[in-house]
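Peer 1: I'd like to go over a predicted model; first the sequence, then the structure.
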Amino acid sequence: MQKRENHETRIYVVFTSSGISGSSINYPIFRPMEKILTNKEMLAELKNRCEGGDFAGGTEPVQPAEAVEKVKDELENLDGVVYFGTPPDELISLDLPIVAVHPRWGQWQAPFGPFKGQKVVTSFLPVIPDTDKAVFSSRLEDIAAKIRVVQAISQMDGLRVLVVTDLPVLGAFEPTPNQLASTTREEYEQTYLDNLKGTFRAEFVNVSEDERIKVMGEIGEEAEEVARKWIDESEGIKGTNEREILKSARLYLALKKLMDEYDCRAVATEGYGVPTNDEDGFMPSQGLPSSQFCTDGVVATSETLMDSLLTQHLGLFITGSTGTNGDYIIDPPIDTAIIGHCEGPFNPYGDERRVPYVIRNRPQVDLNVGGACVQVKLPPEEAVTVAKFSMYRRKIAIFTGQTVPGESLFPGWDDILCRNKLAIKTDAGTLFENVDWDTFGNHRVAFYGDYRQEFKDLAKLIGFELVEKDR
């Protein structure tokens, strides 16, 4: 099957029955005022909840064998299937993500089951709506959420990621020594890239630091406009100055130009401290550039943290936000996990709501050198989902919690280690008992909102093992 570039998600819809089952044939006689959903009404409800989807198929009931042949005919142009009924083994073998919906009261349930070990997620929709309208609405939303996960997976097809590094394409920071404890760097990287291609048909496009430096040198006065916009929209500047902010603005515009040139939709750069031929001996901080990219809905990950980037890119289409990536710290005595880096979106909810930020120097360098990063004032008292891919081991780790003000935990919170930090109340004792540095490295991605089920569905639909670290 050939890959398709950035495209509208195409989902084939199959109905294998209509209305109530024959065993309830007298229901309309005794309950003439009660609603019985038609297939057209069910599909319309789902379409209203799923923007950006192209739904193929129809609402007339078909036999399973006929459905399989219809899907086969369009296989190269499909991203997934929504199947009302029990999908047959032959359909499952086509390796498309399937959302199987049991039409309660329209069919007997057996043999509809959990489809363990298969790329099928399940939901339940009664053709006689629930007495409680909120419950019925939640059923529709559950199906729509699963369809949105299929949409997220489809947006990985043909993804090209610009990776700026002079090292092999996974860069300097991961895999960590722990991740290489049982293998070589060469074997790890080859397996990783094979899994990436096999799972998503995505690719990493390597660009040298010298090419990045050359393009930065070609950036003109537009960098001053970007720097001024950052300064004007910030709450202030601390530990850095306009000269350093301008360096990061040139980096931002250079990365945009390189992404356009190489037809890439996401970008990863090395971390500050990796020697380069830049004027200061290191690349200027990518904190502000990454923050602006992520605010604009473009995943930009520092330290060439490719597992984090993939987590963020999928999360973007599931949650609407790129999330906040960072180093991962667990503190069991205060039941807190901490995520910290020096960048993050100014709109952590992924919508028009923006939060304040302060432009700062990097914490490990002297004042007024090294470009500029950012301290985003992330909202407390909010539910968050923390996730991380391991492409090498084909696993996804998740946990959930609630953000709390960092200053309530430690004095001078904003000046400890990373500039951009999120404190999360959660079952830190269980997290610590289950932590797996060898598989997931020492970074995680936090998304505002409770998306545990969506990430569980994602793991199942791509054939990854899900690890719930807080359970």
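Peer 2: Received the coordinates, thanks.

Peer 1: residue contacts, A227?
Peer 2: 242, 245-246, 248-249 (CB atoms under 8 Å, 6 or more residues apart in numbering). Where you see a C-beta, it was placed from the backbone N, CA and C, and this is true even at glycine.

Peer 1: next, it: secondary structure please.
Peer 2: With DSSP: H, G, I helix; E, B strand; the rest coil as the basis, A227 sits in helix.

Peer 1: neighbours of A44, how many?
Peer 2: Number of residues near A44 (other CB atoms under 10 Å) recorded here: 13.

Peer 1: this protein - how does it break down into domains?
Peer 2: For the chain, the structural domains run 9-154, 160-468, going by automatic domain parsing.

Peer 1: chain center to stretch 53-66: distance?
Peer 2: Distance of stretch 53-66 from the chain centroid (CA atoms, centre = their mean, to the nearest Å) equals 29 Å.

Peer 1: list just the nearest of the contacts of A227 to E8.
Peer 2: Nearest to E8 out of these is A249 (CB to CB; 34.0 Å).

Peer 1: so how far is Q286 from that closest one?
Peer 2: 12 Å (CB to CB, to the nearest Å).

Peer 1: give the other helices and strands that the longest strand belonging to the chain contacts.
Peer 2: In the chain, with assignment by DSSP state E, the single longest strand is strand 395-404. Applying 3 or more CB pairs under 8 Å, 6 or more residues apart in numbering; DSSP states H and E, we find strand 395-404 packed against strand 336-341, strand 383-390, strand 420-425, helix 437-440, helix 452-462, strand 465-468.

Peer 1: how about a markdown table for the ones you listed, with mean pLDDT and distance to E69 added?
Peer 2: As requested, the helices and strands packed on strand 395-404 are exported to a markdown table (pLDDT from 0 to 100; distance: least, CB to CB, whole Å):
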| stretch | mean pLDDT | distance to E69 |
| --- | --- | --- |
| strand 336-341 | 97 | 48 |
| strand 383-390 | 98 | 35 |
| strand 420-425 | 97 | 49 |
| helix 437-440 | 96 | 41 |
| helix 452-462 | 98 | 23 |
| strand 465-468 | 96 | 33 |
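
Peer 1: want to try JSON lines for these, with mean neighbour count and distance to G106 as columns?
Peer 2: Formatted as JSON lines, the helices and strands packed on strand 395-404 follow (neighbours: other CB atoms under 10 Å; distance: least, CB to CB, whole Å):
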{"stretch": "strand 336-341", "mean neighbour count": "24", "distance to G106": "44"}
{"stretch": "strand 383-390", "mean neighbour count": "25", "distance to G106": "33"}
{"stretch": "strand 420-425", "mean neighbour count": "24", "distance to G106": "42"}
{"stretch": "helix 437-440", "mean neighbour count": "18", "distance to G106": "42"}
{"stretch": "helix 452-462", "mean neighbour count": "22", "distance to G106": "23"}
{"stretch": "strand 465-468", "mean neighbour count": "16", "distance to G106": "30"}
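
Peer 1: need those in a markdown table (columns: distance to E74).
Peer 2: Shown next, in a markdown table, are those (distance: least, CB to CB, whole Å):
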| stretch | distance to E74 |
| --- | --- |
| strand 336-341 | 42 |
| strand 383-390 | 29 |
| strand 420-425 | 43 |
| helix 437-440 | 37 |
| helix 452-462 | 19 |
| strand 465-468 | 30 |
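
Peer 1: counting neighbours, what do you get for T276?
Peer 2: There are 20 residues near T276, going by other CB under 10 Å.

Peer 1: element containing D327?
Peer 2: strand 324-331 (DSSP states H and E).

Peer 1: backbone dihedrals for the residue nearest the centre of the chain, please?
Peer 2: Compute the mean C-alpha point of the chain, and by CA atoms, centre = their mean the closest residue is G315, 1.7 Å away. The phi/psi pair for G315 (degrees, to the nearest 10) reads phi -60, psi -30.

Peer 1: wait, it touches G449, no?
Peer 2: No - assessed by CB atoms under 8 Å, G315 is found out of contact with G449, at 10.1 Å.

Peer 1: name the residues of stretch 264-280 that come out as buried.
Peer 2: By 16 or more other CB atoms under 10 Å, the buried positions in stretch 264-280 come out as 264-274, 276, 278.

Peer 1: quick check: the farthest pair among those?
Peer 2: R265 and G273 (27.1 Å).

Peer 1: returning to what we had before: could the contacts of A227 be laid out in TSV, adding secondary structure and distance to Q292?
Peer 2: Shown next, in TSV, are those (DSSP: H, G, I helix; E, B strand; the rest coil; distance: CB to CB, whole Å):
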residue	secondary structure	distance to Q292
E242	helix	17
I245	helix	12
L246	helix	14
S248	helix	9
A249	helix	9
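
Peer 1: among the residues you listed, which two are most distant?
Peer 2: E242 and S248 (10.8 Å).

Peer 1: those two: who's more crowded?
Peer 2: S248 (30 against 16).

Peer 1: for D331, see how far away that one is.
Peer 2: From S248 to D331 the distance is 31 Å (CB to CB).

Peer 1: what of H443?
Peer 2: 17 Å.

Peer 1: okay, the two: which has more neighbours?
Peer 2: The neighbour count for H443 versus D331, taken as other CB under 10 Å, is higher for H443 (23 against 16).

Peer 1: my guess is that one meets Y328, correct?
Peer 2: Yes - counting by CB under 8 Å, H443 touches Y328, with 6.0 Å between them.
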